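Engineer: my questions are about this predicted structure, shown below with the sequence.
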Amino acid sequence: MKQIPSMMAGVVVELLVKPGDQVSDGMDVAILESMKMQLPVQSNTAGTVKAIKVGAGDFVNEGDPLMELE
């Protein structure tokens with residue numbers, strides 16, 4: 001099972017994919033807000049989104065899994 005982790009602590013502003021979507025390596029999958037800046041989270045691998053572990057408005061720490069890919 002592959003996971004896409006948060007690259008920093010922040011608040012999830014928007015999820016750009018949903019379960020069943022295909023993602024490619026480097027594709028933007030979510031937007032995080034940290035220190036008043038909105039930054040894209042990119043997939044670290046290609047696959048199909050199996051599960052989303054967070055929702056908009058959730059706070060995440062660096063390294064927390066945002067979604068699982070298969």
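Structural biologist: Okay, I see it.
Engineer: check which helix or strand covers residue 39.
Structural biologist: strand 37-42 (DSSP states H and E).
Engineer: in its sheet, what does that strand sit against?
Structural biologist: Strand pairing for strand 37-42, using DSSP bridges, gives strand 28-34 (antiparallel).
Engineer: tell me which residues in the partner strand are buried?
Structural biologist: 29-32, 34 (16 or more other CB atoms under 10 Å). In this view, the C-beta of every residue, glycine as well, is placed from N, C-alpha and C.
Engineer: just stretch 42-59 next, same as before
Structural biologist: Neighbour-count burial for stretch 42-59 flags 43, 47, 49, 52, 54 (criterion: 16+ other CB under 10 Å).
Engineer: tell me the two of those residues that are most distant?
Structural biologist: Largest separation among those by CB to CB: 47 and 54, giving 17.6 Å.
Engineer: which residue ranges of the protein form strands?
Structural biologist: Along the chain, the stretches classed as strands by DSSP state E are 2-5, 10-15, 22-23, 28-34, 37-42, 47-52, 59-60, 65-69.
Engineer: picking up where we left off before, let me know the closest of the buried residues of stretch 42-59 to residue 2.
Structural biologist: residue 47 (5.6 Å).
Engineer: quick one on the thing from earlier: turn the strands of the chain into JSON lines, columns for mean pLDDT.
Structural biologist: JSON lines is the format used below for these (pLDDT from 0 to 100):
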{"stretch": "strand 2-5", "mean pLDDT": "96"}
{"stretch": "strand 10-15", "mean pLDDT": "98"}
{"stretch": "strand 22-23", "mean pLDDT": "97"}
{"stretch": "strand 28-34", "mean pLDDT": "97"}
{"stretch": "strand 37-42", "mean pLDDT": "96"}
{"stretch": "strand 47-52", "mean pLDDT": "97"}
{"stretch": "strand 59-60", "mean pLDDT": "98"}
{"stretch": "strand 65-69", "mean pLDDT": "97"}
